[in-house]
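S.K.: Structure, please.
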Amino acid sequence: MWFFTDPLEALLESLLSIATTSAIKSHTTHVPTFYAPNTGSSDDDAKLIFFGVPVIAAIFGALHCIAWNFHFPSHIEQLLWRIGSLTITLTPSVPFVIVLVMLIVGAPFFLLRFLEKKYDFPLSVPSFSLPQCVVTVLDVMLATLWAIMVFLAGAGLVAYMLARLLLLMQAIVLLRKQPESAFYAINWANFLPHI
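M.R.: Numbering: from 1, shown residues only. I've put the predicted structure just below:
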C-alpha cells in the first residue's frame, strides 16, 4: 500500500506548496521546485482570458480540422474525428455568442437603468412608464439569461474536454491501421536544399 500512498502524499505536498507560495525570502539560497508566485490580477488578464484564449483554442481546433478528409479505417472513426475537431473549434466561440445575445436582448433594460441612474430619469413618466411587473419580468429575464450563460459555459467546458479526450484516444487508436503510404521511406535529402 505504501507504493501508492507515498507518491500520492508527495504529489499533494507539492501541490500544496504551489498554492501557498507567496514570495521568496531574501536569505534563501535557491528557488523552490514548485515555485509559482502570485502575479496579481489586472484588467489585461480578463481581456486576455476573454479574447485571447478562445481565439488560440479555436485556431488549435482548426488545426485538427485539417484531417477532415484523411484516411480513416472506418467511417465511424472519421465521423468521430470530425465531431471532435468541430467541437474544439467552435466551443471557444460560445461565450461571444452568449454575450452578444445578452446585449441584444437586455439592451432596452440596460438603457432604461442607465437613464434612471445617470440622469435621474424617472421610469414613472407617463410616456415612458413601465409597470412594476414589467420591470420584474425584465429582472427575471436577465437572471434567466445569466443562468443560461453559466450553464452553457459549463457545458461547453465539459464538451471541450470530452472532445479533446476523444481526439487523443482517436490519435492513438488510429495507429493500428495505417495506410501503406505511411511506411514508405522518404529520402528527405531530395527535398531539402543542400550544398
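S.K.: The helix or strand bottoming out on mean pLDDT in the chain: what's the following helix or strand?
M.R.: Least confident helix or strand, the chain: helix 43-47 with a mean of 67, by mean pLDDT, DSSP states H and E. Scanning forward in sequence from helix 43-47, with DSSP states H and E defining helices and strands, the next element found is helix 53-65.
S.K.: Return the set of buried residues in that next one.
M.R.: For helix 53-65, the neighbour count (16 or more other Cβ atoms under 10 Å) marks 54, 57, 61, 64 as buried. The C-beta positions use only the backbone N, C-alpha and C, and glycine is treated the same way.
S.K.: Could you list the low-pLDDT ranges of the chain?
M.R.: 1, 18-25, 32, 34-45, 106, 109, 113, 120-138, 194-195 (pLDDT under 70).
S.K.: center of it, which residue is that?
M.R.: Among the residues of the chain, residue 92 comes closest to the average C-alpha position under Cα atoms, centre = their mean, at 5.4 Å.
S.K.: quick one, what contacts that one?
M.R.: 53, 54, 55, 57, 58, 61, 160 (Cβ atoms under 8 Å, 6 or more residues apart in numbering).
S.K.: repeat that for 6 Å
M.R.: For residue 92, the residues meeting the contact criterion (Cβ atoms under 6 Å, 6 or more residues apart in numbering) are 54, 57, 58.
S.K.: likewise residue 152?
M.R.: Counting by Cβ under 6 Å, 6+ apart, the residues that residue 152 touches are residue 98.
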